[in-house]
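**Student:** structure, please.
(chains A and B)
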Amino acid sequence: MKHKLFGLVGLLVLLMLVASCATAAPAAPAPTAEKEPAATSQPAEVQPTEEPASAAKENVFIYGHPTTFPDLDPAISFSNDSAVISNCYETLTFYNPPNSAEILSPVLATSWEANDDATEWTFHLREGVKFQDGTPFNAQAVKYSIEKTMELGMGAAYIWDPVETIEVVDDNTVKFTLSYAAPLDLIASSGYGAWIYSPTAYEAHDTEWLNEGHCVGTGPYSIESRARGSRLVMTRNDDYWGGWHEGQFDKIVFEISEDPVVLQQMIEGGTVDFTYNIPPDNLASLSTRDDLVVYSNPSFQNLLGLLNTQKAPLDNKLVRQALSYSFPYAQFIEGVMNGRAIQAHGPVPAGMWGHSDDLFQYHYDLDKAKELLTEAGYPDGGFDLLYTFATGDMDEQQVGEVWKADLAKLGIDLEVRGMTWESQWNLAKSGPENAQDIFAFYWWPDYVSPYSFLYNMFHSEDEIMFNLGYYRNPEYDNLIDEANALSGTDRAKASEMFIQAQKTLVDDAAAIFFYDVANTHIARADIQGYADNPAYPHVVFVHQLTRK
Amino acid sequence: MTIAVRPDEIGEPSPARLKEYHLMLRAFRRDPLAVVSLVMIIVFILGAIFAPVLTPYPEQGRGEPNILEKFQPPSRVHLLGTDYLGRDVLARILFGARSSLSIGFLVVFIAVAIGIPLGAIAGYYGGLIDDIIMRTTDMFLAFPPLLLAIAIAAALGANFTNAMIAIAFTWWPWYARLVRAQTLSLRKLYFIEAARSIGVSDFTIIIRHILPNVLTPVLVQATMDIGGAILTGAAISFIGLGVQPPAPDWGKMISTGRIYFIERPWFAGSAGAAIFLVTLAFNLLGDAIRDVVDPRTRRAA
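**Tutor:** Predicted coordinates:
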C-alpha cells in the first residue's frame, strides 16, 4: 500500500503547490513573453522599412488576456474572442462610449438613412477600402458577409433576424429591406455577428483555417501567429485605410493566462501592458503605483438574481418584494466590491439609452421585508431557497454568502450552491418546479439596446432560453415589442416605453437587481489613448494607442 | 502477533494479554513523535467540538459576514487575521475542523465497514466468491478518487455528504484487500481448522476467530488513512465540489484564499497549515501504532 501513501503525499504537495503557485508560476510565462516578439521582430529589422528610425525597436503592445479565444471566425464568434476580432475586422457603424455627442459614429459606412417606419435602411460605404487579402471592400462584400452570417445562423446571427433582403444599389451603396421595424444602425454596430469579411477569402477557406490564425477583415491588424491557449500575435496592416502615424503599435501580443494571480504578477512586473480580471481586493495596491493606471468604468453588464416566479413561495409578488428589500446593496457594493459596481436601477444598466435613474430602487430594509412577508403569510419566514452561482465567480459567491446571513434574520434558509454555469443553466431550464429559486445571472447586450435585456430575460418564452425565472406578462411583452419596433425611427419614444416596461418589472420584483458591474482594466502608465467602451467589453482598439 | 492466542482467550483478557497491552502503552509513551501527534490530534478534535466556546466569533465561524473588517492581518483581536468577508480566520479554521475531521473519520469508518466483511468473506471462502469480490475491488481501485467525486457531484449535486460518499467509495477496496490477505494466511492455521472440525459455524469463525486477528493491521492502516481522507476531502472542496460556502471548510479556504495569497497569505496559509498538521499527525500516529503493536519493532526500540 506504499504507493497509495505516495499518492496521498503527492496530493498534499499538489495542494500546497497550488496554494503557493502564485509565486512559482509566473517564472514560466515571463521570459517566453519577451522572447517571442523579439524573435519575430528580426525579419522586420533585416528588411528596410519606411521608418528606419523606429524600426530599430518594434513597438509591441502586450495584452495579458484572462481567457482563451474559442472562435476566430467572424461570422460565428460570440464569446471572448472580441479582443482579437475587433482589431482585425470592422463593422459598418460604431457604438460610441457613453457621454459622446452621438450614439453612433461611422466606420465602414460613412452615412446611412432609414425610411419613416424603419423598414428600409440604406448605407453609403467608405470608398477605397481593401480587405487584408487584397479583395476590394464594396456593397457586394457587405451583402455577402451579412447574408453568410445569417445563413450560418450561429453565434449572434439572430441580430439580423429582421433583415429580409439585402440589395446592392451600386458599388458603394447597400439597401436593407426589413420584415419588421428594427434599429439596423444599432444592429450594425454590434460587437458580435456584425463584422464584414472578405468574400473571396471566406469562400476559399473554412472556420478551421481562420482558427489556425488567419484574418480577412479590413481592420488595422492581421494575425501573424497563434499558439492555441497560450499566445496570439497580430501585426499591423500597412495598407489600413485609417492610416498610420508615428508612435502607434506595430504588433499586438495576447498572452493568455487564466490565473488572475499570474496576470497580476505579469502587469506588475511589466511583462504585459494591459490586463483585466485581477482579484478586485488586490486592486487597491495596484492603483497606488506610479507605473500603472487602473481604469474603472461602468459597463453594460449587470448582475441579477432571477427569481423563479412560478414556484412557491416566490410566485408571490410580496415575497419577491420582501427579498428585494433584504439584500444589503450599499454595504455590499462599498464593502465587498470596493466600489466596482453601482446599485442597479432596474434591468437596463446605467449609461445605456433606455436606462432611467428615476426608476424605483429597492434598498436594504429588513423591517419592510418582514412586513411584506407577514402580509404574504410568512411572518416568520420558515421556508428554504436555493441560490445557485457559477463556481469560481467570487462576486456571485459573496452575494450568496452575505445574503444568507440577512435572510436568516427573516427566518429564510438560503442554500448557496456553486455549480458550473452549464449545469446551473440546465437546472434552470428543467421546469419551474425543479429549477433553483434564485439564479445569479449576468447579462450584457449583443448590440446596444434595452430590448436585449428586457426581451431575453423577461419576455415570455415557450421554450426557455434565458427567461430563467419563468416570468410571464403579456402586457409587458407587447410593450417591449412595440418599443423595439419604434427604436429604429423614434428612439426617444422607444426609450420612454422601455422605461415604462422596466417599471412593471421593478414593481413585480421579477428579479433582484443587484448591481451594474464596473469594468476594471489595468494598463501600464506609458500607454496613451485608451478609453473603455462598454459596448465592446474588454476590447482594446490598439490602433488608437501609442506609447509615451 | 496474537496468532498463538487460544480462541477461548478472546473476550476476557488474560494476564498475558494485559501484559501485552502494558508493553504497548509503555512503548508508545517512549516514542516522542507518537505522543506529539496524538496530542495534536486531540487538540484538533477538542477544537472542533468546542469551537463555539473557544472563539469569540462563533457566528463568523459558521459563515456570517463581517464586511467592515475584511482582510485584517493577524492581530490580537483576530489571531490569524480575517478573510475576504471579514470573518475571523481562526474561527473558520476551528469550525472547518468539524467538516474536515468528520470527513476523515467517516470516510475511513465507511471504508472499514465495507472492506472488512468483504475481505474476510473473500479470504475465508476463496474460489468464485473471492474472484468476484476481488475483481470488484480492482474495478473500484481503477477509479481515481477525484474523478469519481466529480462524477458523483455532477450526478447528485455538490455537497458534504456526496463528497464523503465519493471518497469512501474509492477507499474501501484497500481494506478488503488487506483483510483478505490476512484471512488467507489465517484460515490455514490449526486453530481455525480445529474450530471448523468441531462444527463451529463459518459466521462464528469469521467473527470470533478471524476478525480479532486482522484488526491490528486495519487499525494501523485506518489511522494513516484518516489523514489521507481529510486531504482528499480538502482537494474536493478545493475544486468546488465539496462543502459549499458559506460553510467553513479548509479546502474551500485554500481555493478562495489563493487568489489573495500574495498580499494576504494568512488566510489560505492558515488553512493549508491546518491540513498539513492534521494529516502529518495522523500519518505519524499510524506509524507509531504499527511500531508499537509489532512485538519485534517494539522490543528492539
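
**Student:** residue ranges of the helices in the stretch 201-350 of chain A, please?
**Tutor:** A:207-211, A:260-269, A:283-287, A:317-324, A:329-335 (DSSP state H, counting those that start in this stretch).

**Student:** mean confidence for the last one?
**Tutor:** Average pLDDT, helix A:329-335: 92.

**Student:** deepest of the helices of the stretch 201-350 of chain A, which one?
**Tutor:** helix A:317-324 (a mean of 23; mean count of other Cβ atoms under 10 Å in any protein chain shown). C-betas here are computed from N, CA, C, even on glycine.

**Student:** counting contacts, what elements does that one pack onto?
**Tutor:** strand A:292-307, helix A:366-376, strand A:511-524 (3 or more Cβ pairs under 8 Å, 6 or more residues apart in numbering or on different chains; DSSP states H and E).

**Student:** give me the residues contacting that helix.
**Tutor:** A:305, A:307, A:309, A:313-314, A:362, A:368-370, A:372-373, A:375-376, A:378, A:407, A:410, A:438, A:508-510, A:512-513 (Cβ atoms under 8 Å, 6 or more residues apart in numbering or on different chains).

**Student:** ok so, going back, can you say which of the helices and strands packed on helix A:317-324 is packed in most?
**Tutor:** strand A:511-524 comes out most buried of the helices and strands packed on helix A:317-324 by mean count of other Cβ under 10 Å, with a mean of 23.

**Student:** can you list the low-confidence ranges for the chain?
**Tutor:** Just so you know, I chose chain A. Applying pLDDT under 70 to chain A flags residues A:1-57.

**Student:** other chain: chain B
**Tutor:** B:1-14, B:298-301.

**Student:** nearest to chain A: which residue in it?
**Tutor:** residue B:67 (3.4 Å; Cβ to the nearest Cβ).

**Student:** which stretch among the helices and strands packed on helix A:317-324 comes nearest residue B:55?
**Tutor:** helix A:366-376 (26.1 Å; Cβ to Cβ).

**Student:** helices or strands up against the following helix or strand past the closest one?
**Tutor:** Downstream of helix A:366-376, the first helix or strand assigned by DSSP states H and E is strand A:384-390. Applying 3+ Cβ pairs under 8 Å, 6+ apart, one finds that strand A:384-390 contacts helix A:394-409, strand A:413-419, helix A:421-429, strand A:438-443.

**Student:** nearest to residue B:154, of those?
**Tutor:** Closest among the helices and strands packed on strand A:384-390, using Cβ to Cβ: helix A:421-429, at 7.1 Å.

**Student:** elements contacting that closest one?
**Tutor:** By 3+ Cβ pairs under 8 Å, 6+ apart, helix A:421-429 packs against strand A:384-390.

**Student:** for the stretch 151-300 of chain A, what lies in contact range of chain B?
**Tutor:** A:260-261, A:264-265, A:279, A:281-282, A:285 (Cβ under 8 Å from any Cβ of the partner chain).

**Student:** turn those residues into a markdown table, columns for distance to residue A:495.
**Tutor:** Below are those laid out as a markdown table (distance: Cβ to Cβ, whole Å):
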| residue | distance to residue A:495 |
| --- | --- |
| A:260 | 37 |
| A:261 | 43 |
| A:264 | 40 |
| A:265 | 45 |
| A:279 | 37 |
| A:281 | 37 |
| A:282 | 39 |
| A:285 | 41 |
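
**Student:** interface residues of the stretch 1-150 of chain B facing chain A?
**Tutor:** Residues of the stretch 1-150 of chain B lying near chain A (Cβ under 8 Å from any Cβ): B:63-65, B:67-68, B:70-71, B:84-86.

**Student:** and with 7 Å instead?
**Tutor:** B:63-65, B:67-68, B:70-71, B:84-85 (Cβ under 7 Å from any Cβ of the partner chain).

**Student:** of those, closest to residue A:166?
**Tutor:** Scanning the residues of the stretch 1-150 of chain B next to chain A for proximity to residue A:166, where the rule is Cβ to Cβ, the winner is residue B:84, at 52.0 Å.

**Student:** SS state for that closest one?
**Tutor:** coil (DSSP: H, G, I helix; E, B strand; the rest coil).

**Student:** got the contact list for it?
**Tutor:** A:281, B:70-71, B:256, B:260 (Cβ atoms under 7 Å, 6 or more residues apart in numbering or on different chains).

**Student:** help me confirm that residue A:452 comes into contact with residue A:446.
**Tutor:** Yes - the criterion here is Cβ atoms under 7 Å, and residue A:452 meets it with residue A:446 at 6.0 Å.

**Student:** neighbour count winner among these two?
**Tutor:** Between residue A:452 and residue A:446, residue A:452 has the larger neighbour count (other Cβ atoms under 10 Å in any protein chain shown), namely 22 against 18.

**Student:** contact partners for the more buried one?
**Tutor:** Going by Cβ under 7 Å, 6+ apart, residue A:452 touches A:445-446.

**Student:** ok, 8 Å please
**Tutor:** A:443, A:445-446.

**Student:** for the helix or strand hosting residue B:105, packing partners?
**Tutor:** Taking DSSP H and E as the definition, residue B:105 sits inside helix B:89-125. Judged by 3+ Cβ pairs under 8 Å, 6+ apart, helix B:89-125 is in contact with helix B:32-49, helix B:51-54, helix B:58-62, helix B:127-142, helix B:160-186, helix B:211-238, helix B:250-257, helix B:265-293.

**Student:** export those as TSV, with columns for distance to residue A:222.
**Tutor:** Converted to TSV, the helices and strands packed on helix B:89-125 look like this (distance: least, Cβ to Cβ, whole Å):
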stretch	distance to residue A:222
helix B:32-49	60
helix B:51-54	61
helix B:58-62	55
helix B:127-142	49
helix B:160-186	49
helix B:211-238	42
helix B:250-257	40
helix B:265-293	43
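
**Student:** out of those helices, which is the most enclosed?
**Tutor:** Taking mean count of other Cβ under 10 Å, helix B:250-257 is the most buried of the helices and strands packed on helix B:89-125, at a mean of 26.
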